[in-house]
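Asks: let's see this in three dimensions:
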Amino acid sequence: MDNAVDDTPAPEQPRHTPAGLLAGKVAFVTGAGRGIGAAAARLFAAEGARVMLAARTEAQLQAVTEEVREAGGGADRAAYVVCDLADAAGVRAAVDRAVERFGRLDVAFNNGATLTPPGPLDQVRPEHFDHLYAVNLRGPWLAMTAQVAAIRATSGRGAIVNNTSVGSLGSNPELPAYGAMKRAVNSLTETAAVTYGPENIRVNAIAPGTTLTEMIHEWEEASPGVIERLNSQTPLGRPATPDEIAQAAAWLLSDRSSYVTGTVLRVDGGARA
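Replies: Sure thing, here's the model as predicted:
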């Protein structure tokens with residue numbers, strides 16, 4: 001028997017372009033006009049999602065939406081709706097608008113929040129406490145309620161991520177009411193995960209550490225040196241960029257985290273390690 005050699009060229013293998021992390025999904029993002037929300041809108045679109053941006057300030061929303069469209073996909077890639085998280089009817093209408101515009105809802109990132117002046121517990125003004133409750137706790141609850149209904153009625157399965165804070169994971173002497181509202185959102189997240197898991201709706205939260213957003217700069221203005229101090233308490237020695245936080249949210253919303261629900265993921269550079 002001679003040692004025959006097959007010189008026939010192997011057929012060329014098809015080249016597969018990796019699908020985006022959120023390819024084919026419709027995403028709803030609150031607080032999308034700036035900071036982490038704007039970074040998330042850009043990232044989710046780049047990862048293949050069609051995105052409905054929601055926030056209070058139309059000029060900011062319009063600017064970010066145009067950025068997303070110009071990056072690729074045109075008007076079909078992104079749209080926006082003005083929404084105040086303290087307005088129950090407005091939150092429901094905003095989620096409904098996403099379904100009207102894109103036909104369904106698959107994933108949602110509840111990022112919108114507000115901040116009031118830092119200070120000890122006994123110096124928190126009642127009106128500031130009430131405002132934090134309305135936006136940072138009641139707002140995500142209203143949004144989740146509307147989002148679950150929309151996912152259930154359209155896609156039939158999906159994922160929700162709530163943005164909280166490492167300041168929700170322990171004592172928070174400088175931002176006591178803010179930390180309390182965010183900790184309550186962690187509780188809502190865990191409860192929603194158990195409630196809607198049987199319907200294939202996953203619910204998680206991310207807890208960012210120091211992140212270079214407008215909000216942290218507002219805190220720095222009120223308490224000079226706070227960013228440097230927080231960095232000194234962070235093993236990585238630096239703050240996060242908004243995109244780094246958005247990356248964590250994108251993963252939790254994607255099918256690559258399909259067996260993850262009910263968790264509060266720290267994205268804090270090791271600050272709470």
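
Asks: got any ranges where the chain has weak pLDDT?
Replies: 1-18 (pLDDT under 70).

Asks: could you identify the longest strand within it?
Replies: strand 201-208 (DSSP state E).

Asks: which other residues reach the helix or strand just after that strand?
Replies: For strand 201-208, the following helix or strand on the C-terminal side (DSSP states H and E) is helix 214-222. Applying C-beta atoms under 8 Å, 6 or more residues apart in numbering, the contact partners of helix 214-222 are R34, G35, A113, L115, P117, P118, L175, T210, V226, I227, P239. (Glycine included, C-beta is placed from N, CA and C.)

Asks: these in helices, which ones?
Replies: Among the contacts of helix 214-222, the ones falling in helices (DSSP state H) are G35, V226, I227.

Asks: make JSON lines out of these and add neighbour count.
Replies: Shown next, in JSON lines, are the ones in helices among the contacts of helix 214-222 (neighbours: other C-beta atoms under 10 Å):
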{"residue": "G35", "neighbour count": "24"}
{"residue": "V226", "neighbour count": "16"}
{"residue": "I227", "neighbour count": "17"}
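
Asks: what would these look like in a markdown table with distance to A86?
Replies: A markdown table is the format used below for those (distance: C-beta to C-beta, whole Å):
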| residue | distance to A86 |
| --- | --- |
| G35 | 19 |
| V226 | 27 |
| I227 | 28 |
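
Asks: is the most centrally placed residue in the chain in a helix, a strand, or coil?
Replies: Nearest to the geometric centre of the chain sits F109, at 3.6 Å (C-alpha atoms, centre = their mean). Assigned by DSSP: H, G, I helix; E, B strand; the rest coil, the conformation of F109 is strand.

Asks: for R229, see how far away it is.
Replies: 29 Å (C-beta to C-beta, to the nearest Å).

Asks: cool, and R138?
Replies: 31 Å.

Asks: more neighbours: which of the two?
Replies: R138 (18 against 11; other C-beta atoms under 10 Å).

Asks: now do the helix or strand in which that one is found against strand 201-208, angle only.
Replies: Following DSSP H and E, the helix or strand that holds R138 is helix 138-153. Going by axes from the mean of the first three to the mean of the last three C-alpha atoms, to 10 degrees, helix 138-153 is angled at 150 degrees with respect to strand 201-208.

Asks: counting contacts, what elements does helix 138-153 pack onto?
Replies: strand 26-30, helix 88-102, strand 107-110, strand 158-163, helix 176-196, strand 201-208 (3 or more C-beta pairs under 8 Å, 6 or more residues apart in numbering; DSSP states H and E).
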